[in-house]
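Enquirer: I would like the atomic coordinates for the input below:
(one chain, ligands or ions: 2)
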Amino acid sequence: MVGFGVYVHVPFCERRCDYCDFATWTDRHHLMEAYAAACVTDLTRRYDRGPVPVATSVFFGGGTPSLLPAELLVGILAAVRRRPDAEVTVECNPDTVTPELLAAYRAGGVTRLSFGVQSMARHVLSALGRTHDPASVELAVAAARETGFDNFNLDLIYGGAGETLADWQGTLDTALALDPPHVSAYALTVEPGTPLARRIGAGEVTAPDDDDQAEKYLAADAALSAAGRPWYEISNWARPGLECRHNLLYWAQGEYLGIGCAAHGHTPAGRRWWNVRTPDRYIALIGQDAAPEGGHELVVGPDRDQEAAMLALRTRDGVPGGLVADSLVTDGLAEHRHGRVVLTPAGRLLANEATTRLLGASTSG
Ligand SMILES: C[S@@+](CC[C@H](N)C(=O)[O-])C[C@H]1O[C@@H](n2cnc3c(N)ncnc32)[C@H](O)[C@@H]1O
Ligand code: SF4
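Expert: Ligands and ions are numbered 1, 2, ... in the order given. Okay, the predicted model is just below:
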């Protein structure tokens with residue numbers, strides 16, 4: 001099915017986590033109402049000036065979308081023309097979730113939640129600078145179930161300071177005990193300019209270790225697969241049929257619209273664009289009836305094919321057999337499956353290397 005996604009960025013957080021470089025602010029909550037109104041205006045104008053396809057998925061990402069008063073979020077969602085069976089996801093920080101908030105989401109058409117859990121070990125959460133504790137995760141998941149949200153994701157991060165392999169295994173076990181249909185697990189990345197990068201530079205914190213993260217990736221893949229959630233993209237595991245449709249669209253170079261500051265969009269013709277980074281600027285531009293776009297690039301021709309191969313190689317569908325350098329298979333990084341070539345767990349650990357070899361083979365062949 002050819003889909004169309006709408007991504008809505010919500011740039012507000014209670015506190016900035018040490019490792020995060022997403023477009024989010026802790027001192028602009030007073031803008032929430034104006035921001036939500038600007039998002040609605042942006043959408044309405046696009047429909048007026050159309051044509052815009054009907055959405056098959058909507059994703060509210062952040063920042064912390066669950067910090068927005070529910071009526072504001074639901075008001076933005078109401079302005080999105082979408083199919084009755086559209087997947088509608090909201091990213092939630094566990095300690096912002098209440099049964100009332102979730103009930104309002106449900107009534108407003110949200111179908112899926114994504115909780116930023118990161119770890120179920122208290123000391124790892126505090127080392128990451130998170131505001132919640134493991135008990136808030138359990139309460140949030142219980143509230144989700146009680147309000148009828150059976151479809152939810154847990155985001156996890158591995159490789160934080162002081163996290164042992166046993167801590168990570170404990171996080172996986174405790175997270176799986178909550179029976180999540182979907183889990184995303186990311187290696188902690190040190191983004192330049194973040195407090196984490198500065199603290200590592202100053203020698204106050206140790207940098208994540210590649211071997212430790214590799215071991216934790218394999219532990220995650222083993223635990224999640226054994227629990228009936230096979231991988232479908234390098235960092236994503238789900239019960240079959242409950243993969244995130246919105247993310248699948250990104251990996252298939254699908255078409256999507258970005259609403260809100262720092263949101264990205266992509267047209268079928270290969271035009272990628274992104275909105276201005278700050279909420280203040282976004283609100284001001286929408287207020288002047290100006291385009292909120294901050295920049296764009298065209299990814300066409302061979303670049304587009306290379307990007308398609310790179311994205312596809314990161315998924316369980318892999319790439320067509322003919323594309324691949326034989327050494328990927330002989331070195332155990334990939335295997336043939338149903339006429340496609342798919343990364344092995346070892347290959348997923350070396351995805352960048354595998355991509356370089358794949359692109360080398362496709363450009364020389
Ligand atoms: C931008 S956050 C938004 C969700 C929500 N605010 C939260 O953090 O719980 C989306 C996810 O990106 C991941 N993430 C953010 N920064 C990261 C980093 N530096 N390394 C690895 N994962 C990161 C986290 O797992 C997080 O849940
Ligand atoms: S809560 Fe999420 S978006 Fe906000 S600072 Fe932390 S990781 Fe970034």
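Enquirer: rest of the way, CA atoms for contacts and neighbours
Expert: OK.
Enquirer: The stretch 251-365 of the chain: strands as residue ranges?
Expert: Ranges of strands in the stretch 251-365 of the chain, per DSSP state E, counting those that start in this stretch, are 255-259, 264-266, 271-275, 293-298, 319-320, 334-337, 340-343.
Enquirer: Switch these over to JSON lines; also include mean pLDDT.
Expert: Output for the strands of the stretch 251-365 of the chain, formatted as JSON lines (pLDDT from 0 to 100):
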{"stretch": "strand 255-259", "mean pLDDT": "97"}
{"stretch": "strand 264-266", "mean pLDDT": "97"}
{"stretch": "strand 271-275", "mean pLDDT": "97"}
{"stretch": "strand 293-298", "mean pLDDT": "97"}
{"stretch": "strand 319-320", "mean pLDDT": "90"}
{"stretch": "strand 334-337", "mean pLDDT": "92"}
{"stretch": "strand 340-343", "mean pLDDT": "93"}
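Enquirer: Would you reformat those as a markdown table and include distance to ligand 2?
Expert: Shown next, in a markdown table, are the strands of the stretch 251-365 of the chain (distance: least, CA to the nearest ligand atom, whole Å):
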| stretch | distance to ligand 2 |
| --- | --- |
| strand 255-259 | 17 |
| strand 264-266 | 16 |
| strand 271-275 | 17 |
| strand 293-298 | 21 |
| strand 319-320 | 32 |
| strand 334-337 | 32 |
| strand 340-343 | 28 |
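Enquirer: for the residue nearest to A143 when sequence neighbours are not counted, what are its contacts?
Expert: Closest residue in space to A143, ignoring its immediate chain neighbours: P99 at 5.4 Å, by CA to CA, 6 or more residues apart in numbering. By CA atoms under 8 Å, 6 or more residues apart in numbering, the contact list for P99 reads 143-144, 146-147.
Enquirer: To A177, which of the strands of the stretch 251-365 of the chain lies closest?
Expert: Checking those against A177 by CA to CA gives strand 340-343 as the closest, at 28.1 Å.
Enquirer: what does the closest one rub up against?
Expert: Contact with strand 340-343 is made by 313-321, 324, 333-336, as judged by CA under 8 Å, 6+ apart.
Enquirer: Now tabulate the residues you listed in a markdown table and tack on distance to ligand 1 and neighbour count.
Expert: A markdown table is the format used below for the contacts of strand 340-343 (distance: CA to the nearest ligand atom, whole Å; neighbours: other CA atoms under 10 Å):
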| residue | distance to ligand 1 | neighbour count |
| --- | --- | --- |
| L313 | 20 | 28 |
| R314 | 17 | 23 |
| T315 | 18 | 21 |
| R316 | 21 | 18 |
| D317 | 23 | 16 |
| G318 | 23 | 23 |
| V319 | 26 | 23 |
| P320 | 30 | 17 |
| G321 | 31 | 16 |
| V324 | 29 | 25 |
| L333 | 23 | 21 |
| A334 | 25 | 25 |
| E335 | 28 | 20 |
| H336 | 30 | 15 |
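Enquirer: Nearest to V6, out of these: which one, please.
Expert: T315 (21.5 Å).
Enquirer: neighbours around the closest residue to that closest one other than its chain neighbours, how many?
Expert: Leaving aside its sequence neighbours, T315 sits nearest to E233 (CA to CA, 6+ apart; 4.1 Å). Around E233 there are 22 other residues, counting by other CA atoms under 10 Å.
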